[in-house]
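> Quick one, fold the following:
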Amino acid sequence: MNQLNFLEFQNKHKCVFTILNYSVCILLGIFILFTPFPHTTAITNISFYLAILIALFLMIFNPGAFKFKTPLAYPLIIFSLWAVGSIFWALNVENTINDLRKHLLNYIIFYFLLINFFHTRKRLEILLWVVVLSSVIFSVLGMVYYYVIMGNTVQSVRFGFLMSNLDNVSTELPVNFIGILNITAILFCMYFFSRESFWYRRIAIILCTLPLFIATILTQSRGSLVALVIACVTVLLIKKRKLLPVFLVAIAIIIFFTPFKDRLDTSSLSERLKINYVTCKVWKDYPLKGIGFGMMTFNNIAHKGGYVASLPEKYKPFEVNTTHNWLLDITVRLGIIGLVLFLAILFVFVKMCWKTVRYARDKDIKLLGLHIAIAFFVYFIMGLAEPLFLFTASALIFYILLALITILMRLNNEAQTAEI
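Below you'll find the model as predicted:
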């Protein structure tokens, strides 16, 4: 079947292709919506892989409608190729292949699906709302489960905390990672609120924001609190400086007059620094290429390789599970070369944000670009204390932000071209 026959077939069944196009958006929305929730693997897998199959079918009949050339395409592909190359020197080949297939490859596909099926302003806003609703539903149901059904008190149990009996635990988005999703959603809510003029819609947005804020505070995660303060202070400095003192007073009350005051010790920070010290010891033995892309490889070699045992007692971490810094995590797994390639992705993203915000003539595009940039900055800050790519829900936020700025930049370019 030649190209002409393809076009004839597509025109003849235009309604079917339109439905299939919308179905990919719906399936991706379902995938994003359910990813933070435990026991939804079947739903997320079916929706994601079905979206891929339908997208491939659509691509066969109309390949010209799909755009894969973006400023982020080459950095992502080159980084991915280096990660694939690590199979040949990985200390745990099986773990590396597994994580390449289940994580990195799926994330890259996810990114390209988003930029091709949420490419209009309307669909872009739908994508933002999917992230918000996923966070809101997760927070509300989670708090009901933790503090109503399980009967825990706010003072005794942190929201999302792994209990010894494993009864109340979010395996997909644990305590210190909840803020990654919620703060991103809060920033999106701020964007919607600032451009909304109808009071009843503003109330609806506030009602969405409140459980996100409360759930983030209930995690009692210091990293999440710092990220929340940075996000809100930045937005208030730009948009509503008069509200900044009120917000800072509220944060001070939360820190000193809630269970958060018990989290002011630095013991866990010390443990993370010890784990990262072990990470540096491992990396020194594999400086250029790393130990392989597999995320569980470091845990095994830290003990079996004798790295922990060789340390002085005061430097030994209580437990080594994974590197608690996403840049160190990339470095130990893929070496300095992998880190440079990953930093290239971040650099291109920042450059895209700058161009979009600096030169956008459309106020909505400029405003959304600003909120995406702040969300990414917050994500980066939280990554300095957490292995963000360890869990699917937190890793997806990274690729969603990459996709959002890509779509926004395209919309901005189209708007500028239309004016010429």
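> Spatially nearest residue to Val233, not counting backbone neighbours?
Leu244 (6.6 Å; Cβ to Cβ, 6 or more residues apart in numbering). Where C-beta positions appear, they are placed from N, C-alpha and C, glycine not excepted.
> Is it correct that the one you found is in contact with Val229?
No: with contact defined as Cβ atoms under 8 Å, Leu244 does not reach Val229; the gap is 10.8 Å.
> Tell me which helix or strand comes right after the one helix or strand in the chain whose mean pLDDT sits lowest.
The least trusted helix or strand in the chain, going by mean pLDDT, DSSP states H and E, turns out to be helix 3-12, with a mean of 61. Next helix or strand after helix 3-12 toward the C-terminus (DSSP states H and E): helix 14-34.
> picking that back up, let's see the pLDDT reported for the residue nearest to Val233.
Leu244 carries a pLDDT value of 81.
> Okay, buried residues for the helix or strand where it lies please.
For Leu244, the element it lies in under DSSP H and E is helix 244-257. In terms of neighbour count (16 or more other Cβ atoms under 10 Å), helix 244-257 has its buried residues at 247, 251, 254-255.
> Kindly report the same for stretch 98-111.
99-100, 103-104, 106-111.
> go on, stretch 287-304?
Buried residues in stretch 287-304 (16+ other Cβ under 10 Å): 289-299, 301-302.
> which one of those sits closest to Val132?
Met295 (28.4 Å; Cβ to Cβ).
> quick one: the closest one and Leu334 touch, right?
No: counting by Cβ under 8 Å, Met295 does not reach Leu334; the two are 11.4 Å apart.
> Now list whatever residues contact both of those two.
Listed as contacting both Met295 and Leu334 by Cβ atoms under 8 Å, 6 or more residues apart in numbering is no residue at all.
> ok now stretch 348-364, how far from the chain's centre?
With Cα atoms, centre = their mean, to the nearest Å as the basis, stretch 348-364 stands 20 Å off its chain's centre.
> what's the burial count for Val226?
16 (other Cβ atoms under 10 Å).
> nearest spatial neighbour of it, skipping sequence neighbours?
Setting aside the residues directly before and after it, Val226 is nearest to Ile381 in space (Cβ to Cβ, 6+ apart), at 6.9 Å.
> Is the one you found within a helix or a strand, and which one?
Using DSSP H and E, Ile381 falls in helix 363-383.
> OK, contacts around Ile46?
So Ile46 contacts nothing (Cβ under 8 Å, 6+ apart).
> before we move on, back to that, mind pulling the model confidence for the residue nearest to Val226?
92.
> my read: it touches Ala227, true?
Yes: assessed by Cβ under 8 Å, Ile381 is found in contact with Ala227 at 5.5 Å.
> In terms of neighbours, single out the busier of the two.
Ala227 (26 against 14).
> tell me which strands and helices the next helix-or-strand element following the helix holding Ile381 is in contact with?
Using DSSP H and E, the helix or strand that follows helix 363-383 in sequence is helix 392-419. If contacts are counted by 3 or more Cβ pairs under 8 Å, 6 or more residues apart in numbering; DSSP states H and E, helix 392-419 sits against helix 105-117, helix 121-144, helix 178-195, helix 326-359, helix 363-383.
> any chance of those helices in TSV, plus distance to Lys69?
Shown next, in TSV, are these (distance: least, Cβ to Cβ, whole Å):
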stretch	distance to Lys69
helix 105-117	10
helix 121-144	19
helix 178-195	27
helix 326-359	13
helix 363-383	20
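> End to end on stretch 97-112, go ahead and measure it.
21 Å (Cα to Cα, to the nearest Å).
> can you list the residues that contact that stretch?
Applying Cβ under 8 Å, 6+ apart, the contact partners of stretch 97-112 are 28, 48, 52, 68, 72, 76-77, 80, 83-84, 87, 293-296, 389, 392, 395-396, 398-399, 402-403, 406.
> Thanks a lot, catch you later.
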